[in-house]
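# predicted model follows, preceded by the sequence.
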Amino acid sequence: MPIIVDLDVQLARRRMSVGEFAEAVGITPANIAVLKNGRAKAVRFTTLDAICRVLECQPGDVLRWVPETPPNDGPATPS
């Protein structure tokens, strides 16, 4: 998936545990794990707002887009 969630980076910068963060945001540690591991299919704006409020950051500090690399089918053959 080309959307990367950098919660680990932000939590480490603030020396905050997942449990503390989950409680402050108001979601379960299991849902934090889903976000951190890139398994989330969607994030509500209210959740993103709470994440940014707790971490005192912008959405771009938590989420970033990385383009997918095309599959490598081997060397191109001349026509």
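Here it is on my side, so go on.
# what ranges do the helices span in the chain?
Along the chain, counting by DSSP state H, helices occupy 7-13, 18-25, 29-36, 45-55, 59-62.
# want to throw these into a markdown table with mean pLDDT?
Conversion of these to a markdown table gives the following (pLDDT from 0 to 100):
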| stretch | mean pLDDT |
| --- | --- |
| helix 7-13 | 94 |
| helix 18-25 | 97 |
| helix 29-36 | 95 |
| helix 45-55 | 97 |
| helix 59-62 | 96 |
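# save those helices as TSV, and put in distance to Glu68 and mean neighbour count too.
(C-beta placed from N, C-alpha, C; glycine too.) As requested, these are exported to TSV (distance: least, C-beta to C-beta, whole Å; neighbours: other C-beta atoms under 10 Å):
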stretch	distance to Glu68	mean neighbour count
helix 7-13	21	14
helix 18-25	28	15
helix 29-36	20	15
helix 45-55	23	15
helix 59-62	19	14
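# need those helices in TSV with distance to Pro70, can you?
Listed next are these as TSV, based on distance: least, C-beta to C-beta, whole Å:
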stretch	distance to Pro70
helix 7-13	27
helix 18-25	35
helix 29-36	27
helix 45-55	30
helix 59-62	25
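# phi, psi for Asn37 please.
Geometry field for Asn37 lists phi and psi as phi -90, psi 0, criterion degrees, to the nearest 10.
# count the residues that sit near it.
If you count neighbours by other C-beta atoms under 10 Å, Asn37 ends up with 11.
# quick one: residues contacting it.
By C-beta atoms under 8 Å, 6 or more residues apart in numbering, the contact set of Asn37 is empty.
# look up how far Asn72 lies from it.
26 Å (C-beta to C-beta, to the nearest Å).
# for Arg13, same thing?
Here Arg13 is placed at a distance of 35 Å from Asn72 (C-beta to C-beta).
# now Val43
Distance from Val43 to Asn72, by C-beta to C-beta: 31 Å.
# these two - which one has more neighbours?
Comparing Val43 with Asn72 by neighbour count (other C-beta under 10 Å), the higher total belongs to Val43, at 17 against 6.
# what does that one show for phi and psi?
Per degrees, to the nearest 10, the backbone of Val43 is at phi -140, psi 130.
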